[in-house]
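>>> Below: sequence and its predicted model.
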Amino acid sequence: MTGSETAPTTVDTSRPHPARVYDWWLGGKDNYPVDEELARRILAVDGTAVRGAKANRRFMHRAVRTLAEQGVRQFLDIGTGIPTEPNLHQVAQGVASGARVVYADNDPIVLRHAQALLTGTAEGSTDYVHADVRDPDTILRLAAESLDLEQPVALSLVALTHYLDDDAYDLLAGYVDALAPGSFLVLSQVSPELDPPAIERVSDFFRTSGTPFFPRTAAEFGRFFAGLDLLEPGVCPVLDWRPEAEDEAAAKEGAVPVIAGVARKR
């Protein structure tokens, strides 16, 4: 499935892209000099950037595993990013081989890697939609070719909402409204509360490069979960969301400016 009419299909190497900056922090190779330059500039003012990216990735693994263990069998991941193993479908299908996963992203590099994302179990299904998060009609219409939206779906936007302005509250509410009761919303995003001056400079770097950036406090982030039931421990630092041994070890190196939460639709 595709939604290429809503997102670019050619790679612009003249300006950095958040997915490729994130890929550089994770040690990936699918980035360009402009992405590395921005990643290094950010790292120079926020020394937690690499640790934060890795902590965020582990949060996704824990959240998906938790929901799959609770019986969720459908996942819609928006803002997928460049594939880094284990990917979401590998985590979900590792718990339940019949899990169905749809990825959505607007980065042409992610489109090039879609085949890697589509390798799942024989029992489950994995599909990709090339479309922008701001086009929910296209994403939901194409996702419905693989997912039954009348049944619970885990909707994840991991490290994405800080690239969306305050219209994001209504945007995400619209996505949640389209999902069945018993569905889940999985979110993480950058918060300014740990080191406001550093995050303000990071925001300036992104904005200057052409990428809007909107860090949010825990209270502002919590608004995304309005009307939903937060799973314990609620909105919290990403390293504190049901940490495992690797997260506890990472926390000893210091906090990271990323917050997270998972909530259930009644």
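Received it, and whenever you're ready, just let me know what you need.

>>> Give the rounded mean pLDDT of stretch 16-28.
Mean pLDDT, computed over stretch 16-28, is 93.

>>> what's in contact with that stretch?
Contacts to stretch 16-28, defined as C-beta atoms under 8 Å, 6 or more residues apart in numbering, come from residues 29-32, 34-39, 42-43, 49-50, 53-54, 57, 79, 81-82, 84, 105, 107, 109-110, 159, 163, 206, 209-211. Placement of C-beta: from N, CA and C, glycine included.

>>> Select from those residues every entry located in strands.
Mapping those onto strands (DSSP state E) picks out Asp105.

>>> Can you point out the buried residues in the lowest-mean-pLDDT helix or strand in the chain?
Lowest by mean pLDDT, DSSP states H and E among the helices and strands of the chain is helix 114-117, with a mean of 74. Neighbour-count burial for helix 114-117, with 16 or more other C-beta atoms under 10 Å as criterion, is recorded at Ala114, Leu117.

>>> just checking, next helix/strand downstream of it?
Scanning forward in sequence from helix 114-117 by DSSP states H and E, the next helix or strand is strand 125-130.

>>> Neighbouring strands - and their directions - for that following strand?
The strands that strand 125-130 pairs with in its sheet are strand 100-105 (parallel) (by DSSP bridges).

>>> Kindly provide the whole-number mean pLDDT of the strand it pairs with.
If you average the pLDDT values across strand 100-105, you get 96.

>>> Return a ChimeraX selection command for the buried portion of the contacts of stretch 16-28.
Buried members of the contacts of stretch 16-28, defined by 16+ other C-beta under 10 Å, are picked up in ChimeraX with:
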select :30,31,32,34,35,36,38,39,42,49,50,53,54,57,79,81,82,84,105,107,109,110,159,163,206,209,211
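
>>> can you map out the helices along this structure?
18-25, 33-45, 49-69, 88-95, 108-112, 114-117, 136-143, 168-177, 196-208, 218-222, 245-251 (DSSP state H).

>>> doesn't Ser183 make contact with Val262?
No - using C-beta atoms under 8 Å, Val262 is not in contact with Ser183, being 11.4 Å away.

>>> Compare these two (neighbour count), which wins?
Val262 (28 against 24; other C-beta atoms under 10 Å).

>>> From Asp135, how far out is that one?
Val262 sits 24 Å away from Asp135, going by C-beta to C-beta, to the nearest Å.

>>> okay but Ile42 is in contact with Phe205, surely?
Yes - between Ile42 and Phe205 there is a contact under C-beta under 8 Å: 5.6 Å.
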